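1. Structure for the following, please:
(one chain, ligands or ions: 1)
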Amino acid sequence: MGKKKLFSEETVRVDDCQCVYCGHIFHGRNACNANMDCRSVTCPKCNKDMNVFISVEYTCTPLEE
Ligand SMILES: [Zn+2]
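-> Here you go, the predicted structure:
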């Protein structure tokens with residue numbers, strides 16, 4: 001992998017994808033066609049492909065006794 005100009009090494013958003021190349025924000029589910037096994041998406045603005053990791057986060061905190 002050579003040095004490429006990136007917007008960010010990694011972007012993390014809940015419902016949207018943010019392009020690592022140009023920073024464009026687009027709807028993640030639409031980009032993946034609602035496929036949770038989707039492994040890559042294409043930025044609709046710069047047309048570059050990037051890896052995507054889809055997860056649902058659960059945050060747990062202790063009960064107050
Ligand atoms: Zn882009």
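
2. who's in contact with stretch 4-20?
-> Outside stretch 4-20, the residues that touch it by CB atoms under 8 Å, 6 or more residues apart in numbering are 21-29, 31, 41, 43, 45-46, 48, 50, 52. For the C-beta atoms, the positions are set from N, CA and C on the backbone; glycine is no exception.

3. Next, the buried residues of it.
-> Applying a neighbour-count criterion of 16 or more other CB atoms under 10 Å, one finds 11, 17-20 buried in stretch 4-20.

4. Quick check: residues of the chain near the ion?
-> For the chain, the residues in contact with the ion (CB under 5 Å from the ion) are 19, 21-22, 24, 43, 45-46.

5. Against residue 58, how distant is the residue of the chain most remote from its centre?
-> In the chain, counting by CA atoms, centre = their mean, residue 65 sits farthest out from the average C-alpha position, at 37.8 Å. Distance, residue 65 to residue 58, using CB to CB, to the nearest Å: 22 Å.

6. Please, where are all the helices along this structure?
-> Ranges of helices in the chain, per DSSP state H, are 28-31.

7. Quick one: the strands in it, in order.
-> For the chain, strands defined by DSSP state E occupy the ranges 16-18, 25-27, 40-42, 49-51.

8. In a markdown table, list those along with mean pLDDT and distance to residue 7.
-> Shown next, in a markdown table, are those (pLDDT from 0 to 100; distance: least, CB to CB, whole Å):
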| stretch | mean pLDDT | distance to residue 7 |
| --- | --- | --- |
| strand 16-18 | 93 | 8 |
| strand 25-27 | 95 | 11 |
| strand 40-42 | 95 | 14 |
| strand 49-51 | 96 | 10 |
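
9. Could you say which of those is packed most deeply?
-> Most buried of these by mean neighbour count (mean count of other CB atoms under 10 Å) is strand 16-18; its value is a mean of 18.

10. Neighbours of residue 57, how many?
-> Residue neighbour count, defined by other CB atoms under 10 Å, stands at 6 for residue 57.
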